[in-house]
Every structure is written in C-alpha cells, then in structure tokens.
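Student: model the following, please.
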Amino acid sequence: MAGTAEEGLTFLQAAERVLEEEPGHETVSYRTITEQALRQGYLLSRGQTPESTMYVQLVHDVRRRADRGDEPRFSQFPQGRFGLAKWSEDELMGMITKRNRLVKERLLALIRELDPATRFEAVVVELLTKMGFDAEQTQLTNDGGIDVYGTLVIGGVIQTRMAVQAKRWAHNVQAPTVQQVRGALGVHDLGLIITTSDFSPGARHEARRENAAPVALMNGTDLVSLLVEHQIGVRRTNADLLKLGELPGSAVSDPPDNDAS
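Tutor: Residues are numbered from 1 along each chain as shown. Below is the predicted model:
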C-alpha cells in the first residue's frame, strides 16, 4: 500500500489531487507536486524528504500498473515530470486497456473453473513462489483451515511465515472464515485469505479488528493483477510503435491513425 502522510492523503492521492487542479493539463515536476500538496494541506508529512518519497511512489505506481496490465493512473515524462494518464489517452491506448481488461476477466473466469483442492491451491503456491516465498500446500486431511504455507526470508535473517486459506468461491467470504483462519494461526504466523470472489463488509471489519491478529485479504481482482504481474496464466507481448519526432528546423506531429500515406 502506498505510504500515507500523517493525517492526510496518501502521496498518490495527493499527487492526483494536485494534477487534477492543473488547468492546462501541463506536466508537473514531482518537486512542484510535493510543494503544492504540502501547501494545500493534502500532505501533512513530517519526513525530511517528502519530495523523494513522492517521486519513488509515482514511479512505482506507473511501473506496477504496467506490469499488472491495470489502467494507468499517471504518465511519467523526462526530467521527473508527471501527468495524469487520462490526459493523453488515444485510440490505441484505449484499445490496449480494453483488451487487457477482457483478458483479466477471462483469466479470473478460468481460475474459478479450477479444482479448488488441488489446481487452485497450486496456482496460489506458484504465485507465492514467484513473489519470493518458499511455499507448499498442506495435507488435505489435516490443514486446520490453512491450505498453503509460505515462508519468506529477508536478508538471510528475518523470516516471515504466511498461512493462507484459498477460497475458489463465487460468493463473498464472510466474517466466520476470517475468524477460522485467525484461530488456525501459529504464534508468529501471518494470515492471508485469497478468494476468487470478494469479502463482505463484516469480513473486512473482522480482518482489521483491534487487539486481534491481522488477517490480510486478497479478492479476485487483486489476485488476477498479481498473476498478470508475475505472468502466471498470461503472457506479455511487445510491439514497437513508431512515433514521429522533430526534424532539424521543423516540428512534425504524428499522422492520424487512418492516414494511409
């Protein structure tokens, strides 16, 4: 999740607010975005270098959305300048966005057709493995509600153990499922529920309940985005698109898409 300035918007929310207020749809440097966000009170950061945080999060958002095939939120330009992606939408980008959306919908539909006890859990294992975990499925007869365990070792020192329940469901996950996962956690385990559907408001509230072990929630949309990012069930294609630049002594713009010359 994007970092949050104390009592204010997240850095990305603040950047979007500043750019929305840009009357001429001109690109803005990340330093100026940060200055305006602080001046308008969108950010209440006490950090020493909020402009650096702003830059890192903007770049990360652009790259991650591209990796996941998600609709872009920001556009990045040279010299640390950014704009809103919707300012420069054209017919080609619209077609790509629509195509990616359809592929992700079809991928989710295919996942919902998998056998829940073996093949869907295998997808979860592969995803966690691609994310850096040492993951394995539990025994089918005695899993205590946990389907997959994943261990992540950071720097050879810090070890995190994730206990995952995988729900290939069409209906929303309810609060009792969150309670079940929490009850099955070991002393140092982190809980995660992955579902092909979504979570009820009660389940989300239970997952965040104070003075209880937190349980992370991943719905079908989040799952598909991560699968795309790690190219599980999809493959990424590349196309070299030519755009005209400037010739010495003249400025040349791109021809319209239907120009046959």
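Student: tell me how many other residues crowd residue 136.
Tutor: 13 (other C-beta atoms under 10 Å). Backbone N, C-alpha and C define where each C-beta goes, glycine included.
Student: cool, and residue 75?
Tutor: Counted with other C-beta under 10 Å, residue 75 comes out at 17.
Student: separation between residue 40 and residue 200?
Tutor: In this structure, residue 40 and residue 200 are 36 Å apart, going by C-beta to C-beta, to the nearest Å.
Student: can you map out the strands along this protein?
Tutor: Along the chain, counting by DSSP state E, strands occupy 28-29, 74-77, 81-84, 134-137, 148-154, 158-167, 189-195, 215-218.
Student: let me have these in JSON lines, extended by mean pLDDT and distance to residue 64.
Tutor: Output for the strands of the chain, formatted as JSON lines (pLDDT from 0 to 100; distance: least, C-beta to C-beta, whole Å):
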{"stretch": "strand 28-29", "mean pLDDT": "94", "distance to residue 64": "21"}
{"stretch": "strand 74-77", "mean pLDDT": "91", "distance to residue 64": "11"}
{"stretch": "strand 81-84", "mean pLDDT": "92", "distance to residue 64": "15"}
{"stretch": "strand 134-137", "mean pLDDT": "92", "distance to residue 64": "22"}
{"stretch": "strand 148-154", "mean pLDDT": "90", "distance to residue 64": "19"}
{"stretch": "strand 158-167", "mean pLDDT": "91", "distance to residue 64": "20"}
{"stretch": "strand 189-195", "mean pLDDT": "95", "distance to residue 64": "19"}
{"stretch": "strand 215-218", "mean pLDDT": "96", "distance to residue 64": "15"}
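Student: residue 33: neighbour count?
Tutor: Neighbours around residue 33, by other C-beta under 10 Å: 28.
Student: measure residue 49 to residue 226 for me?
Tutor: For residue 49 relative to residue 226 (C-beta to C-beta), the value is 30 Å.
Student: neighbour-wise, which of those two wins?
Tutor: Set residue 49 next to residue 226 and count neighbours by other C-beta under 10 Å: residue 226 wins out with 18 against 11.
Student: who's in contact with the spatially closest residue to the more buried one that is not a sequence neighbour?
Tutor: Of all residues not flanking residue 226 in the chain, residue 127 sits nearest, at 6.0 Å (C-beta to C-beta, 6 or more residues apart in numbering). Contact partners of residue 127, counting by C-beta atoms under 8 Å, 6 or more residues apart in numbering, are 223, 226, 227, 230, 232.
Student: ok, now which ones touch the second one?
Tutor: Residue 226 makes contact with 68, 127, 131, 218, according to C-beta under 8 Å, 6+ apart.
Student: one step back: between residue 40 and residue 200, which one's more packed in?
Tutor: Counted by other C-beta under 10 Å, residue 40 and residue 200 do not tie: residue 200 has more neighbours, with 16 against 12.
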